[in-house]
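# Just the structure for this:
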Amino acid sequence: MRMARWQPLATSWDPFQQLQSEMNRLFDRWTQPTERSNGGAVDPAVNVWESGEAAYLEAELPGVEFKDLEVYVTGGNQLTLKGQRKPLVPEKGVWHRQERPVGTFVRVLTLPFAVDADKVDAKLENGVLLVKLPKHEAAKPRKIAVKAE
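Purely as a prediction, here's the structure:
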């Protein structure tokens, strides 16, 4: 027995729902890899959070080697990740599917405060980059003494 999706009686919203479905399909085509696509470089996924005296950035960089990665702090509060994912070339084989993107990438993030660039620490471990971005002294809160008269 063939199953069919239940659809309520036609309403005045049907044209809008059809438009939404078509737009979703169109965007899915652009964002999902296709059989014919050769990948193309994409920005790495990142998490950024703040904890007390510093901000932290965690970036997913599978397949990126340490020598192919550059981290910059510019303008006091901009972090730039620049790197390259090199393609894997099988010696004795034929590709059946290749979805992992290859090529160069540049990711620039603006932080909510100035960073002390001399104290930034970056570690690449198991394909994950962790960057500690200490706040600049000017960005740290200062306690103001209140005087009584």
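# which stretches of this structure form helices?
14-31 (DSSP state H).
# Check it and tell me which residue is nearest its centre.
Nearest to the mean C-alpha position of the chain, by Cα atoms, centre = their mean, lies residue 45 at 2.6 Å.
# That residue contacts residue 60, correct?
Yes: in this structure, residue 45 is within contact of residue 60 by Cβ atoms under 8 Å, at 4.7 Å. The C-beta positions use only the backbone N, C-alpha and C, and glycine is treated the same way.
# Now for residue 101, how many residues are close by?
A count of nearby residues for residue 101, using other Cβ atoms under 10 Å, gives 18.
# In CSV, please show the C-alpha coordinates belonging to stretch 91-99.
Taking Å, rounded to 0.1, in the frame of the first residue of the first chain, the C-alpha atoms of stretch 91-99 are listed here in CSV:
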residue,chain,number,x,y,z
GLU,A,91,47.8,6.3,-5.4
LYS,A,92,45.9,3.3,-6.5
GLY,A,93,42.2,4.0,-6.5
VAL,A,94,39.3,5.9,-8.0
TRP,A,95,37.2,8.4,-6.2
HIS,A,96,33.5,7.5,-5.8
ARG,A,97,32.6,10.4,-3.6
GLN,A,98,34.5,13.5,-2.4
GLU,A,99,32.6,15.8,-0.1
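# what mean pLDDT does that stretch have?
Per-residue pLDDT over stretch 91-99 has a mean of 83.
# distance between that stretch and the chain's centre?
Remark: stretch 91-99 is offset 26 Å from the chain centroid, using Cα atoms, centre = their mean, to the nearest Å.
# next one: stretch 123-135
So, by Cα atoms, centre = their mean, the centroid of stretch 123-135 is 14 Å from its chain's centroid.
# cool, and stretch 106-114?
Offset of stretch 106-114 from its chain centre (Cα atoms, centre = their mean): 12 Å.
# what's the answer for stretch 117-125, then?
Relative to its chain's centre, stretch 117-125 lies at 18 Å (Cα atoms, centre = their mean).
# And for stretch 54-63?
In terms of Cα atoms, centre = their mean, the centre of stretch 54-63 is set 9 Å apart from its chain centre.
# Which positions in it come out as buried?
Using 16 or more other Cβ atoms under 10 Å as the test for burial, stretch 54-63 gives 54-55, 57, 59, 61.
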